[in-house]
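Asker: Got a sequence here, can you build the structure:
(one chain, ligands or ions: 2)
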Amino acid sequence: MAKFYILVGPPGAGKGTQAVIIAEKCGIPHISSGNIFRENLQNETELGKKAKAFMEKGELVPDDITIGMVTDRLSQPDCEQGSLLDGFPRTPAQAEALSAFLEQHGKKINAVPLIDVPSDELIERLSGRWTCKAEGHVYHPKFKPPKKEGFCDLDDSELYQREDDKRETVEQRIRVYNQQTAPLIEYYEKKGLLRKIDGSQKIEDVTSDLLKVVEC
Ligand code: AP5
Ligand code: MG
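Answerer: Ligands and ions are numbered 1, 2, ... in the order given. Just a heads-up that it's a prediction; the model follows:
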């Protein structure tokens, strides 16, 4: 049976960090809407051009663009057995569209782990984050230093600092999360799918809590 999981949590909670580990362990694709947007930005596609201004301001890309992009990705054959969604859905309209899409294909969401981290920790994490150019793998000099400074452990590509990790943009992203995405917590709680995880623990402890929820 196909299994779909959604990682919810504020910017910097560790969604991307955990998704890479869990997806690898469970053999399901990691689908990060943020990574897909950044690939499109790098390749200067039409989609990238549409998303750019929103991302730079720390605002959400409009629902119609985002929903089409993610459902296209979910329609690819490697998602037949499920996937681990990171950063999507982020609004009630996206959540409704995802449920409708899965239902149409005879599939459903298995669980929604919420990675919970207090706001003051998020700023420290994001201001020190380094991201790999090839696949978006993330590092931090204090919390997850790469083996070779400036390069990704997994694919040896160069590390860079995301434009939207500037302090004012991070603060705006946290505000946007609280206003537009946090309502999804109650939405999934009511459906009995929400599983709260303490995201302020060490990376490996968060992983082991997540693996109690995500069945491989
Ligand atoms: P997106 O790329 O999704 O960014 P985000 O949600 O703001 O989340 P982040 O990637 O910043 O954080 P994360 O939780 O993945 O943390 P990470 O693991 O990297 O979205 C970017 C933009 O794209 C949006 O602003 C929007 O414009 C657009 N967009 C994307 N999806 C959209 C959608 N659905 N709708 C509309 N627009 C959309 O970790 C952060 C740092 O902390 C790293 O340095 C890491 O090493 C460190 N760290 C991780 N875990 C721990 C730990 N346990 N302890 C200490 N440090 C840790
Ligand atoms: Mg991320």
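
Asker: When you work out contacts or count neighbours from here on, use the C-alpha atoms and nothing else.
Answerer: Noted.

Asker: Sticking with Ala95, tell me its helix or strand.
Answerer: When secondary structure is defined by DSSP states H and E, Ala95 falls within helix 92-104.

Asker: Hey, what's the angle from the longest strand along the chain to helix 92-104? Just curious.
Answerer: Scanning the chain for the strand with the most residues, using DSSP state E, yields strand 109-116. With axes from the mean of the first three to the mean of the last three CA atoms, to 10 degrees applied, the angle from strand 109-116 to helix 92-104 works out at 150 degrees.

Asker: Next, see if strand 109-116 gets close to ligand 1.
Answerer: No. Where contact is defined by CA under 6 Å from any ligand atom, no part of strand 109-116 touches ligand 1; the two come within 8.1 Å at best.

Asker: CA atoms of the helix or strand just after that strand as CSV?
Answerer: On the C-terminal side of strand 109-116, the closest following helix or strand by DSSP H and E is helix 119-127. Coordinates of the C-alpha atoms in helix 119-127 are reproduced here as CSV (Å, rounded to 0.1, in the frame of the first residue of the first chain):
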residue,chain,number,x,y,z
SER,A,119,11.1,30.7,17.1
ASP,A,120,14.3,31.9,18.7
GLU,A,121,16.1,28.6,17.8
LEU,A,122,14.9,28.9,14.2
ILE,A,123,16.8,32.2,13.6
GLU,A,124,20.1,30.7,14.8
ARG,A,125,19.7,27.7,12.6
LEU,A,126,18.8,29.6,9.5
SER,A,127,21.4,32.3,9.8
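
Asker: helix or strand for Phe4, which one?
Answerer: Mapping Phe4 onto the secondary structure by DSSP H and E places it in strand 3-7.

Asker: any idea of the mean pLDDT in the next helix or strand after that strand?
Answerer: Under the assignment DSSP H and E, the closest C-terminal helix or strand after strand 3-7 is helix 15-26. Regarding helix 15-26, the rounded mean pLDDT is 96.

Asker: what helices or strands is helix 15-26 leaning on?
Answerer: Of the remaining helices and strands, those touching helix 15-26 by 3 or more CA pairs under 8 Å, 6 or more residues apart in numbering; DSSP states H and E are strand 30-32, strand 82-86, helix 203-210.

Asker: now it against strand 109-116, angle please.
Answerer: Orientation of helix 15-26 against strand 109-116 (the same axes, to 10 degrees) gives an angle of 140 degrees.

Asker: right, is helix 15-26 up against ligand 1?
Answerer: Yes. Applying CA under 6 Å from any ligand atom, one finds that helix 15-26 is in contact with ligand 1 at 15-17.

Asker: what's the distance between that helix and the middle of its chain?
Answerer: Centre-to-centre, helix 15-26 and its host chain are 10 Å apart (CA atoms, centre = their mean, to the nearest Å).

Asker: Just the buried residues of that helix, please?
Answerer: Buried residues in helix 15-26, defined by neighbour count with 16 or more other CA atoms under 10 Å: 15-20, 22-23.

Asker: Tell me the secondary structure of Ser155, please.
Answerer: Quick fix: residue 155 reads Asp, not Ser. Of the three states, Asp155 takes coil under DSSP: H, G, I helix; E, B strand; the rest coil.
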